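> let me see the structure of the following:
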Amino acid sequence: MLIFEKISPENTAVALKIAFDKAKELSTDIVLCTTTGASALMAMKFAADADFKDRIIVVTHVWGAKAAGKSELPEEVRKKLEEAGAYIVTAAHALSGVERAISGKFGGVYPVEIMAYTLRMLSQGVKVCVEITTMALDSGALKKPCPVVALGGTGSGLDTACVITPGYSAKIFEARVHEILCKPF
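Predicted coordinates:
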């Protein structure tokens, strides 16, 4: 496992290389998160350069995450990603979603938030990897629970890569983090 010295978007290229190498070794899909699309566009270039044959599933923030009725992923970037062959998933965050609305309104911490904070003990990126693979499975982008390589990050860029068999959100405890390939210290 590679440990990055610090959290930085500069870790993205190395995390992508590690992830693509592992995904090619396992002949499996890659699932990655993106907000503005910058990391996803970089991943699509990696895929083209590496002659990557499996699918790249890009998971975005929900519409209205920052402003009502708006997506943080610009439409022109979405189109570029789709033209490059990315499968895009936009769904409620599996490890917050409605529960965050309840805690925000009434206070307190609820079970899904505890799960998210527990995963953050490993790193924010590990939490994101578990979350986005669950979202990809729930949406049908992944047809069944099977090992995939997931990429997440802390803030901007990608700094964490894991091999994960996701669980559906209704069966989240069936998810398995098989290997952490890289993460920040």
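
> contacts, neighbours, all on C-alpha from now
OK.

> distance between the ends of stretch 144-164?
Stretch 144-164 has an end-to-end distance of 12 Å (C-alpha to C-alpha, to the nearest Å).

> report the distance from it to the chain centre.
For stretch 144-164, the separation from the chain centroid amounts to 5 Å (computed by C-alpha atoms, centre = their mean, to the nearest Å).

> next: stretch 32-44.
10 Å.

> who touches that stretch?
Contact with stretch 32-44 is made by 12-13, 16, 56-61, 72-74, 77-78, 80-81, 84-86, 128-129, 132, 150-153, 157-158, as judged by C-alpha atoms under 8 Å, 6 or more residues apart in numbering.

> give me the buried subset of those residues.
12-13, 16, 56-61, 72-73, 78, 81, 86, 128-129, 132, 150-153, 157-158 (16 or more other C-alpha atoms under 10 Å).

> in strands, which of these fall?
Those of the buried ones among the contacts of stretch 32-44 mapping onto strands are 56-60, 150-152, per DSSP state E.

> just put these in TSV and tack on distance to residue 110.
Converted to TSV, these look like this (distance: C-alpha to C-alpha, whole Å):
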residue	distance to residue 110
56	32
57	29
58	28
59	24
60	24
150	26
151	26
152	23
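
> ok, those vs residue 178, which is closest?
residue 150 (11.2 Å; C-alpha to C-alpha).

> ok, the closest one - contacts?
Applying C-alpha under 8 Å, 6+ apart to residue 150 gives the contacts 19, 30-32, 129-130, 132-133, 161-164.

> so which of those residues wins on neighbours?
residue 133 (34 neighbours; other C-alpha atoms under 10 Å).

> what's the closest non-adjacent residue to that one?
Among residues not flanking residue 133 along the chain, residue 166 sits closest, at 5.5 Å (C-alpha to C-alpha, 6 or more residues apart in numbering).

> residue 142: neighbouring residues, count only.
Residue 142 has 19 neighbours, counted by other C-alpha under 10 Å.

> please identify the buried residues of the lengthiest strand in the chain?
Ranked by residue count under DSSP E, the longest strand found in the chain is strand 176-184. Residues of strand 176-184 classed as buried: 176-177, 180-184 (neighbour count, 16+ other C-alpha under 10 Å).

> can you tell me which helices and strands it packs against?
Applying 3 or more C-alpha pairs under 8 Å, 6 or more residues apart in numbering; DSSP states H and E, we find strand 176-184 packed against strand 2-4, helix 12-26, helix 124-139, strand 160-165.

> mind listing what the first one pairs with, with the direction of each?
Meaning strand 2-4. Strand 2-4 has the following strand partners under DSSP bridges: strand 176-184 (parallel).

> so for the strand it pairs with, mean pLDDT?
Strand 176-184 comes out with an average pLDDT of 98.

> report the angle between that strand and strand 160-165.
180 degrees (axes from the mean of the first three to the mean of the last three C-alpha atoms, to 10 degrees).
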